[in-house]
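A.B. asks: Predicted structure and sequence below. I'll ask about it afterward.
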Protein chains: 2
Amino acid sequence: MPPTDRPRDHAGQGAATTVAAHRTRHRLRADRARQLADLLRRQLLTGAYTDGALPHESTLATDYRVSRNTVRQALDLLRAEGLVERLPGVGTVVVAQKYPHGLDRLMGLAETLREHGRVTNEVRTMGPAPAPAPVAERLRVPRGADVLYIERLRRLNGLPLSLDLTYIPLDIGTALLGADLENTDVFRLLEAITGQRLGHAEITLEAVNADTHSAAVLQAPRGAAVLMLERLTHLADGRPVDLEFIRFRGDRIAMSGLLHRAGQLPPTR
Amino acid sequence: MPPTDRPRDHAGQGAATTVAAHRTRHRLRADRARQLADLLRRQLLTGAYTDGALPHESTLATDYRVSRNTVRQALDLLRAEGLVERLPGVGTVVVAQKYPHGLDRLMGLAETLREHGRVTNEVRTMGPAPAPAPVAERLRVPRGADVLYIERLRRLNGLPLSLDLTYIPLDIGTALLGADLENTDVFRLLEAITGQRLGHAEITLEAVNADTHSAAVLQAPRGAAVLMLERLTHLADGRPVDLEFIRFRGDRIAMSGLLHRAGQLPPTR
């Protein structure tokens, strides 16, 4: 069967299929390219191209039953995302990897990326500061009481990964001032300091365009998509101890997890 | 105490604090503005400004102990994100709301946004098409077998919210061809068709910049940050039935959930 950009007619579907086939016949190449790009992105993320090179355009066209032009446009989309590059005489190669960050368990960055390399933290700012009302409320400290504020640029194998703004109640935070923050997750330090495990965290995830300055710090293009994670972490006894605002470079992190239809129950320990 | 942009010295902290205070003294205004913007964004998202207007700049400066210039720069960041606008003679007002999408339970869009308004779906494409290898593998159908492909632009109260690309095995998908996809979540239809509840889904979340064409479809600015959700949903009996690639407008959706340190257990039904 020749490559085709439109769904095949399916025997026995009757009028509904005719309508459907009609609807799909006039799809724009941009729509087909997006569809293909999403499938190829998935392959990239899961390491399907182990030798670092994508199949030839004509192979992709045959495999995905689309035109060469659609393949080229799909590869352009992935190139714009910084995931692949075209090398003359070689073809399209994978140039960036997104690291998997678990969404199923509460983990620090070094912990979650353990298999992928070494996380180092550049402490840009650290010191006590009066808690603004929204911070005081969430950390359950008196408004205006000092909390420890930390700002870190986090790298994986030397590459900027995230910019983290962290607030910690001062009774716990004081012990962090002398700790090896450059090489250790705050989570691990909090468990060492308090002698108890962390319990749970409320998280919120958003996609935002990096402002000029954040982009510069993360060494990302201006306006680059950033995965913003706000996370309030509690000790096992329920006390909130760590409020963070984290900007992950969108081109370097993918978060994965499992959802259940019946909802999530607190785990047993 | 006069407003100040730097942490106060904290009595009894000793040398570590002196080092810390020194580190924080020379922070750029851009860093302080980002810090403030993150706190204000949180307030916006949780509906703290019920009358739709933010406090006056001088009030914010006092409350957050920063300069007026820092307040202005923070508000500029939120304006660039499309969340607030400055109205002459009125001040800074909230112009966009992010809708909360649960990360704790597997839910369809209309279901998760029930309290926020009506979800409608524009079916841009629908019809059977041969499954490319990565789709066939995940849906456990023979490679090249037809699956139902659906492309929908989803709106909340008329505003574009997401662009969804959906693949469904054809034995189930056929029954969808005559269904009211414009007004009903695919999740609900799948449960009606199969007579069983959905079970779980594997999800991956990424932040990407919208390509020109996706941005146009979503009526978002070119390059706008998009929250990409890839989701493979299984029936309660474990069969994979719905593979989706969803682009949420980053300025309209925030995903929230709960993480546990000890990990997530499958829920009881």
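C.D. replies: Happy to help now that I have it.
A.B. asks: what about A:Arg118, how many neighbours?
C.D. replies: When neighbours are defined as other Cβ atoms under 10 Å in any protein chain shown, A:Arg118 has 12 of them. (C-beta placed from N, C-alpha, C; glycine too.)
A.B. asks: Please disregard the earlier target; I meant A:Ala33.
C.D. replies: 24.
A.B. asks: Excluding residues flanking it in the chain, which one is nearest it?
C.D. replies: A:Gln73 (3.7 Å; Cβ to Cβ, 6 or more residues apart in numbering or on different chains).
A.B. asks: Figure out the helix or strand that that neighbour lives in.
C.D. replies: According to DSSP states H and E, A:Gln73 maps onto helix A:68-80.
A.B. asks: buried residues in that helix?
C.D. replies: A:Thr70, A:Val71, A:Arg72, A:Gln73, A:Ala74, A:Leu75, A:Leu77, A:Leu78 (16 or more other Cβ atoms under 10 Å in any protein chain shown).
A.B. asks: Now tabulate these in TSV and tack on pLDDT and distance to A:Glu202.
C.D. replies: Converted to TSV, those look like this (pLDDT from 0 to 100; distance: Cβ to Cβ, whole Å):
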residue	pLDDT	distance to A:Glu202
A:Thr70	96	43
A:Val71	97	43
A:Arg72	96	44
A:Gln73	96	41
A:Ala74	97	38
A:Leu75	97	39
A:Leu77	96	34
A:Leu78	95	34
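A.B. asks: Of these, which is the nearest to chain B?
C.D. replies: Nearest to chain B out of the buried residues of helix A:68-80 is A:Leu77 (Cβ to the nearest Cβ; 5.2 Å).
A.B. asks: which ones are touching the closest residue to A:Ala220 other than its chain neighbours?
C.D. replies: Distances taken as Cβ to Cβ, 6+ apart place A:Arg249 nearest to A:Ala220, at 5.4 Å, with adjacent residues excluded. A:Arg249 is in contact with A:Pro160, A:Leu161, A:Ser162, A:Leu218, A:Ala220, A:Ala224, A:Val226, A:Leu227, counting by Cβ atoms under 8 Å, 6 or more residues apart in numbering or on different chains.
A.B. asks: Next step: these restricted to strands.
C.D. replies: Among the contacts of A:Arg249, the ones falling in strands (DSSP state E) are A:Pro160, A:Leu161, A:Ser162, A:Val226, A:Leu227.
A.B. asks: quick one, strands of the stretch 101-250 of chain A?
C.D. replies: Taking DSSP state E, counting those that start in this stretch as the test, the strands found in the stretch 101-250 of chain A are A:119-130, A:146-156, A:159-169, A:198-209, A:225-235, A:240-249.
A.B. asks: The ones you listed into JSON lines, with extra columns for mean pLDDT?
C.D. replies: Below are those laid out as JSON lines (pLDDT from 0 to 100):
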{"stretch": "strand A:119-130", "mean pLDDT": "95"}
{"stretch": "strand A:146-156", "mean pLDDT": "97"}
{"stretch": "strand A:159-169", "mean pLDDT": "97"}
{"stretch": "strand A:198-209", "mean pLDDT": "96"}
{"stretch": "strand A:225-235", "mean pLDDT": "97"}
{"stretch": "strand A:240-249", "mean pLDDT": "98"}
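A.B. asks: Relative to B:Gly127, which of these is closest?
C.D. replies: Taking Cβ to Cβ, strand A:198-209 is the member of the strands of the stretch 101-250 of chain A nearest to B:Gly127, at 30.1 Å.
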